[in-house]
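Student: predicted coordinates and the sequence they were generated for:
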Amino acid sequence: MRFKRGQALVGIIAATLATFPIANVHGTSNRQSELSPRVIHGVDADVGQFPFLAALLNTKDLQQKGVFQAQFCGATLTSPNTLVTAAHCVVDQKTGEQHDPADITAGFTRNLDSLNIRLVQVTNVSVHPGYEIETSANDIAVLTLAVPVSDIPPLGPLIPELAVEYTAAGSPAQVAGWGNIVISGNKYPTIFRIGDVKIFPDSSCGEGKRNIINGVTFNGFSKSEVDSSVMICAAGVNSNKEIVDACQGDSGGPLIATGSAGPKLVGVVSWGEDCASKYPGVYSRVSALNAFLQSAGAMPISIPTVPPTVSVTPLLGEIKITMTGSQGETTVTQYAATVVGPNPASPTTTQTLNCFAAPTKQSSSGSCSVTGLLTGAQYTVTAISANELGNSSASAPVVAVPSDQPIAGEFRSVKFIRTSARFGLTPSNANSSPLEAERVICSPVGSGAIRSARVTGDSVIVGNLTQKKYKCIIRIVTDAGLADSVEKVIRRQ
Ligand code: ARG
């Protein structure tokens, strides 16, 4: 475990540089800023502000030296039992080894000198599998807490769908932490600081271009220094033309921006070229690292608010229902469909039936079937999205009539070999009636002969397509009726 803090000088907040190996692999050239003086140029947090900010404390130091000396990084409560921090806070930069969760305690407080700080043990450390010590790529980790912190509102990580809105170049953001507040030497605050910064355009965060904020020109990081697909740059300039930036000790803490979905975690303090220099601070880009946060359980769970979209497939005595949730941070773990309509045993009475489906791994959709229905009768289908906390309202009702009619498959692919076309198909469904035929039928656009071929299995070859352009359909005929697929237009090269 690295320490960001040295020995306490009595009554003052100070530490010696020698005691902290600073893991800034990028800061090779010690550029001095002309505007130098104080880092962060932030302000003390107000009481109750950013309650989701946690201090990462070295457990051993905590027992021997107290909270202030034990603090080494920041972290953000993103769900009742998870903290998001920087990978470099919890991975030994020399050996690449992960810290033992028992060595880390989370402290929830505004003031590290406060006497009643909520301390919670960390029980698991999960580092992004793509984290690279050399480049700081994917500098993000999730810590699991021994006890859920249910009374502090978490800060949700920014989801990709909201990235454009929240992280547009020039938009405001805030960085918070107990990190160093001076550029030369060390001065650590007891109350965490908040700095007002601006999101930098990718052109100066991986494409080397300058960026001007409030009349102050910042240098851009080049491609070899910053990978803007997983990193985001930010820095600010206050009214005194002083640069606002994160610094040592702030690592792992949040970069916060707000938008239509309220405040979100958009970045994690990762590294910089010194502090408050002419280079912006570099943060892990949270919206790009969502898959990892999701798999590590760090996405917040809230009650689903949007009902799923419902599509129905009427079958013989059966309705198949596919439900698709709206994309968002709310994790839907189950869909429930309700089907209301006549009871086949006594068609004048109404019955209510349910079926349940979980979203599949690949998509946010789930399907289930309600059987034992009266073919030809009208049923009303509604559905809800649910998770352990609760469920959405019901979707608008969709009417479905169980039917004995066949259902045509769909075209998946088409490939021409001279005048023959090979089609890949999804299976048609005869829907319990004897199958008479299933064919792909291609009609020329303009003059010429109609060509067709019988479908066997999931592909079919239609020959003699001597015209340039055809409209093709899959047609299934059973004793009960006929169904056509959506038309596919094909053109010979
Ligand atoms: N790597 C530093 C830490 O461990 C954070 C550096 C942030 N620097 C900056 N100029 N934004 O605390």
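Tutor: Happy to help now that I have it.

Student: how about the residues of the protein by the ligand?
Tutor: Applying CB under 6 Å from any ligand atom, we find that the chain lies next to the ligand at 23-24, 179, 245-251, 269, 271-272, 275, 281. Backbone N, C-alpha and C define where each C-beta goes, glycine included.

Student: widest-spaced pair of these?
Tutor: Farthest-apart pair in these is Ala23 and Asp245; separation 16.6 Å (CB to CB).

Student: so the two - more neighbours on which side?
Tutor: Higher neighbour count among Ala23 and Asp245: Asp245, with 30 against 22, using other CB atoms under 10 Å.

Student: how about the more buried one: what's its closest non-neighbour residue?
Tutor: Nearest residue to Asp245, sequence neighbours excluded (CB to CB, 6 or more residues apart in numbering): Ala276, at 4.2 Å.

Student: the one you found reaches Ile181, doesn't it?
Tutor: No: between Ala276 and Ile181 there is no contact under CB atoms under 8 Å: 9.9 Å.

Student: so for the two, which residue has more residues nearby?
Tutor: Neighbours were tallied for Ala276 and for Ile181 using other CB under 10 Å; the higher tally belongs to Ala276 (30 against 23).

Student: remind me, longest strand of the protein?
Tutor: Secondary structure assigned by DSSP state E gives strand 346-357 as the longest strand of the chain.

Student: Cys73 pairs with what?
Tutor: Taking DSSP bridges as the rule, Cys73 bridges to Leu56.

Student: and for the one 10 residues further on?
Tutor: Partner residues in beta bridges with Leu83: Leu77, Leu143, with DSSP bridges as the criterion.

Student: pLDDT at whatever residue of the chain ends up closest to the ligand, what is it?
Tutor: Nearest residue of the chain to the ligand: Gly272, at 2.1 Å (CB to the nearest ligand atom). The score at Gly272 is 95. That number is its pLDDT.

Student: so that it lines up with my notes, have the first residue be 46 from now on.
Tutor: Okay, residue one is now 46; in that scheme the one you just asked about reads as Gly317.

Student: hmm, it is touching Tyr328, no?
Tutor: No: in this structure, Gly317 is not within contact of Tyr328 by CB under 8 Å, at 9.4 Å.

Student: ok, those two, which is more surrounded?
Tutor: Tyr328 (30 against 26).

Student: and the more buried one, which of the three is it?
Tutor: Here Tyr328 takes the strand state, with states given by DSSP: H, G, I helix; E, B strand; the rest coil.

Student: residues contacting it?
Tutor: Residues counted as contacts of Tyr328 (CB atoms under 8 Å, 6 or more residues apart in numbering) are Met276, Ile277, Cys278, Ala279, Leu300, Val311, Gly312, Val313, Val314, Ser315.

Student: so what sits opposite the third one in the bridge?
Tutor: Put plainly, it is Cys278. So, taking DSSP bridges as the rule, Cys278 has Val327 as bridge partners.

Student: ok, it touching Glu318?
Tutor: No: using CB under 8 Å, Cys278 makes no contact with Glu318, being 10.6 Å away.

Student: re the thing from before, elements contacting the following helix or strand past the longest strand of the chain?
Tutor: Using DSSP states H and E, the next helix or strand after strand 391-402 towards the C-terminus is strand 410-416. Counting contacts by 3 or more CB pairs under 8 Å, 6 or more residues apart in numbering; DSSP states H and E, strand 410-416 is packed against strand 363-369, strand 379-388, strand 391-402.

Student: the helix or strand just after strand 410-416 - contacts with which helices or strands?
Tutor: Using DSSP H and E, the helix or strand that follows strand 410-416 in sequence is strand 424-432. Counting contacts by 3+ CB pairs under 8 Å, 6+ apart, strand 424-432 is packed against strand 354-360, strand 363-369, strand 379-388, strand 443-445.

Student: quick check: angle from the second one to strand 354-360?
Tutor: Okay, so that is strand 363-369. Angle between the axes of strand 363-369 and strand 354-360 is 160 degrees (criterion: axes from the mean of the first three to the mean of the last three CA atoms, to 10 degrees).

Student: strand 363-369: partners in the sheet, and parallel or antiparallel?
Tutor: strand 354-360 (antiparallel), strand 410-416 (antiparallel).

Student: so which bits of the first one are buried?
Tutor: Right, the one you point to is strand 354-360. Residues of strand 354-360 classed as buried by neighbour count (16 or more other CB atoms under 10 Å): Val355, Val357, Thr358, Pro359, Leu360.

Student: just put those residues in a markdown table and tack on distance to Thr420.
Tutor: Shown next, in a markdown table, are the buried residues of strand 354-360 (distance: CB to CB, whole Å):
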| residue | distance to Thr420 |
| --- | --- |
| Val355 | 20 |
| Val357 | 14 |
| Thr358 | 14 |
| Pro359 | 9 |
| Leu360 | 9 |
